[in-house]
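S.K.: Build me a structure from this.
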Amino acid sequence: MEIKNFYFKLVKSLRLVASPFDIQIKSMPDFVVIPDEIALTFYDSYLLTNRLKEENLISARSFDLLSELNTLFDEMSNNQMLWDINSLRNNENWNRCRNMALQILDELDENYDTPNLDYHWIS
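M.R.: Numbers count the residues shown, from 1 in each chain. Sure thing, here's the model as predicted:
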């Protein structure tokens, strides 16, 4: 996969994290655990951020912010109560994730838009 495609995958994942609860729910199929999928979608694209930085597709500041968001998700993973629909809707940690993702999109000079996840979901 071309490196620029990795960048676009990252932006898509950030748009999903940044989305309001209602849009997050509508973006996913019914058979997935939605909070898990949001975090995993981000993590899959986060794995390539070092390469994006090396290729000058993201700045050092963007890389640092992405690392902060990944750390927040890691910390959240220690609390199973944060991974249900009610927490996704109401918990402050999820709101922090949304705000951080918006900040990162701004840092990347990318607009927030409704996420377009063109994945092939398998039930």
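S.K.: Which positions in stretch 45-61 come out as buried?
M.R.: Residues of stretch 45-61 classed as buried by neighbour count (16 or more other C-beta atoms under 10 Å): 45-46, 48-49, 52-53, 57-58. (C-beta placed from N, C-alpha, C; glycine too.)
S.K.: OK, contacts around Ser67?
M.R.: With contact taken as C-beta atoms under 8 Å, 6 or more residues apart in numbering, Ser67 is in contact with Thr49.
S.K.: and it, how far is that from Tyr7?
M.R.: Between Ser67 and Tyr7 the computed distance is 16 Å (C-beta to C-beta, to the nearest Å).
S.K.: Now do the end-to-end distance for stretch 28-42.
M.R.: 14 Å (C-alpha to C-alpha, to the nearest Å).
S.K.: tell me how far it is from the chain's mean position?
M.R.: Counting by C-alpha atoms, centre = their mean, to the nearest Å, stretch 28-42 is centred 10 Å from the centre of its parent chain.
S.K.: oh, and call the first residue 568 from now on, that's how I've got it
M.R.: Will do, 568 is the new start, and the previous item becomes stretch 595-609.
S.K.: Any buried residues in it, and which?
M.R.: So for stretch 595-609, counting by 16+ other C-beta under 10 Å, buried means 595, 601-602, 604-606, 608-609.
S.K.: Sounds good, over and out.
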